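Colleague: give me a 3D structure for the following:
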Amino acid sequence: MKYLKKIDTKYILSLIASIVVALLIGALLMAVTGYSPIEGYGAMIKGSIGNERFIGNTIDTAMTLCLLGLATAIGARGGLFNVGGEGQLFFGALAATMTGLWFSSLPAPIVIVISLICAVVVGGFYAWIPAILKVKLGVSEVITTIMLNTVAIQVCTYLVNGPWNSPLKSITKGTDYLPNTLRFAKLITASNLTTGFITGAIVTFFIWYVMKKTSVGLEMKVTGENYRFSKFSGLSSSKIMIGSMLASGAICGFVGMLLVYGYQGRMTDGVSNEFYFDGMLVAMIMNYNPIGIIIMSFFFAILSTGATMMDLTVGISSQIYDIIFSIIIFLMAAQKGISIWVEHKRMQQIARAKARKEVEANVGSDSSNI
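Modeller: Predicted structure coming up:
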């Protein structure tokens, strides 16, 4: 019951309304371009949960979005907005891949642990740079993380397509494939879902626990909502901000490792198709609420994986997913302004009604005196 009281009913209703409107607009676009919305959305559902393979792909996508959304939430809760998760993911993936290739002669469990540590450390370090610049020099972390994204992606692209490119000819350039002994085992045959999901689920639970059930999570929340108050309250605000950004980058690096040790198997310049930005938007839509991020990640994973099948079977472009996603984001971004406007109009009506009653009461008293 306590949890139910904390739920913002208006926001949830606005979110549901936004989703419905976005799906209706998507259906209208399908109809205008000569496709059946029922057939299109039917293919989307079938392509996301129609069989074990599709379900596995959807769960894998949801886990990626969820972890990256939580990475955004941790940074935001601590008072810093991490827009550089894509670059941190790239460097984490590259560090994990090259560690696995260079130390492949060691026992597999040891290599996996070392690779995980390298991915987390590299991702965290790359997030530490803009955090220090923000705390010590006041440099906007939004600008620095965006710029560092480009640096990371370009450096990784150069290395995997140049010095560290596999000598074996393949359709796409990239590093050598990791040995099968290091790769995560498939949980569902022919799908992208691997045993890495289990590790991801453990990390997700840990993040939720820290953010919601510990003093650390409370200190992060206080710092993020009111830096000056937290500082005068005796909290180590600067350390909390830097620590939250470090944790955010470490999670992104961890996701990079999950991708290459999972279904991808090696590092390429396409290791992430802007996964972080999708996860970041999921976090923003859900106001950085961990439970909300988990739920919404599954919803958008269904849309994302289902859109691919819709394109293949019906012929409707998979970009319909991007359109629906964008409309939901737009409507939710406008939700606060619309709510304020509606509340303002409501208060105006109440004030006018009250003023009208007072005028009528005064007129009535005057007439009785006469």
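
Colleague: surely residue 191 is within a helix?
Modeller: No: when DSSP: H, G, I helix; E, B strand; the rest coil is applied, residue 191 is found to be coil, with no helix at that position.

Colleague: my guess is it meets residue 48, correct?
Modeller: No: proximity of residue 191 to residue 48 does not meet the contact threshold set by Cβ atoms under 8 Å, at 11.8 Å. Every residue, glycine included, has its C-beta placed from N, CA and C.

Colleague: who touches both of the two?
Modeller: 54-55, 57 (Cβ atoms under 8 Å, 6 or more residues apart in numbering).

Colleague: neighbour-wise, give me the winner out of those residues.
Modeller: Comparing the shared contacts of residue 191 and residue 48 by number of neighbours (other Cβ atoms under 10 Å), residue 57 comes first, having 25 neighbours.

Colleague: how about the contacts made by it?
Modeller: With Cβ under 8 Å, 6+ apart as the criterion, the residues that contact residue 57 are 48, 191-193, 305.

Colleague: include pLDDT and neighbour count when you put those residues into a markdown table, please.
Modeller: A markdown table is the format used below for these (pLDDT from 0 to 100; neighbours: other Cβ atoms under 10 Å):
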| residue | pLDDT | neighbour count |
| --- | --- | --- |
| 48 | 92 | 25 |
| 191 | 90 | 19 |
| 192 | 92 | 23 |
| 193 | 95 | 24 |
| 305 | 91 | 26 |
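
Colleague: any chance of these in TSV, plus distance to residue 28?
Modeller: What follows is those, written out as TSV (distance: Cβ to Cβ, whole Å):
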residue	distance to residue 28
48	21
191	33
192	32
193	34
305	23
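
Colleague: closest to residue 314 among the residues you listed?
Modeller: Distances from residue 314 to the contacts of residue 57, taken as Cβ to Cβ, are shortest for residue 48 (13.9 Å).

Colleague: the closest one sits in which helix or strand?
Modeller: Element membership for residue 48 (DSSP states H and E) is helix 37-49.

Colleague: identify the residues contacting that helix?
Modeller: Under Cβ under 8 Å, 6+ apart, the answer for helix 37-49 is 23, 26-28, 30-31, 54-55, 57-58, 301-303, 305-310, 312-314, 316, 320.

Colleague: give the rounded mean pLDDT of the very next helix or strand once past that helix.
Modeller: The element immediately downstream of helix 37-49 (helix or strand, assigned by DSSP H and E) is helix 52-77. pLDDT averaged over helix 52-77 equals 94, rounded to a whole number.

Colleague: what packs against the next helix or strand after helix 52-77?
Modeller: Tracing the chain C-terminally past helix 52-77 and defining elements by DSSP H and E, one meets helix 85-102 next. Here helix 85-102 touches helix 52-77, helix 108-137, helix 141-161, helix 237-259, helix 275-285, going by 3 or more Cβ pairs under 8 Å, 6 or more residues apart in numbering; DSSP states H and E.

Colleague: format the ones you listed as CSV; extra columns: distance to residue 332.
Modeller: Formatted as CSV, those follow (distance: least, Cβ to Cβ, whole Å):
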stretch, distance to residue 332
helix 52-77, 14
helix 108-137, 26
helix 141-161, 20
helix 237-259, 22
helix 275-285, 5
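
Colleague: quickly, which of those bottoms out on average pLDDT?
Modeller: Within the helices and strands packed on helix 85-102, confidence is poorest for helix 275-285, with a mean of 91 (mean pLDDT).

Colleague: ok, now how distant is the residue nearest to the spatial centre of the chain from residue 82?
Modeller: For the chain, the residue sitting closest to the mean C-alpha position, by Cα atoms, centre = their mean, is residue 279 at 1.7 Å. Computed as Cβ to Cβ, to the nearest Å, the residue 279 to residue 82 distance reads 11 Å.

Colleague: find residues that contact each of these two.
Modeller: 71-72.

Colleague: excluding its backbone neighbours, what's nearest residue 212?
Modeller: The shortest distance from residue 212 to any residue that is not its chain neighbour, by Cβ to Cβ, 6 or more residues apart in numbering, is 6.4 Å, and that residue is residue 290.

Colleague: what number of residues lie near residue 225?
Modeller: Counted with other Cβ under 10 Å, residue 225 comes out at 11.

Colleague: so how far is residue 71 from it?
Modeller: Taking Cβ to Cβ as the measure, residue 225 falls 19 Å from residue 71.

Colleague: and if you look at residue 13?
Modeller: Note on residue 13: its distance to residue 71, by Cβ to Cβ, is 28 Å.

Colleague: ok, now residue 288?
Modeller: As it turns out, when the distance is counted by Cβ to Cβ, residue 288 lies 11 Å from residue 71.

Colleague: so which of these two has more stuff around it?
Modeller: It is residue 71, of residue 288 and residue 71, that has more neighbours when counted by other Cβ under 10 Å, with 30 against 20.

Colleague: for that one, give me its contacts.
Modeller: Contact criterion Cβ under 8 Å, 6+ apart gives 82, 85, 247-249, 251-252, 255, 276, 279 as the residues in contact with residue 71.

Colleague: can you tell me the closest non-neighbouring residue to it?
Modeller: Setting aside the residues directly before and after it, residue 71 is nearest to residue 251 in space (Cβ to Cβ, 6+ apart), at 3.9 Å.

Colleague: any stretches of the stretch 251-370 of the chain with poor pLDDT?
Modeller: For the stretch 251-370 of the chain, applying pLDDT under 70 flags the ranges 335-344, 359-360, 362-370.

Colleague: please enumerate the helices of it.
Modeller: Listed in chain order, the helices of the stretch 251-370 of the chain (DSSP state H, counting those that start in this stretch) span 275-285, 290-313, 320-369.

Colleague: which one of the shared contacts of residue 191 and residue 48 is nearest to residue 78?
Modeller: Here the nearest of the shared contacts of residue 191 and residue 48 to residue 78, counting by Cβ to Cβ, is residue 57; it sits at 32.7 Å.
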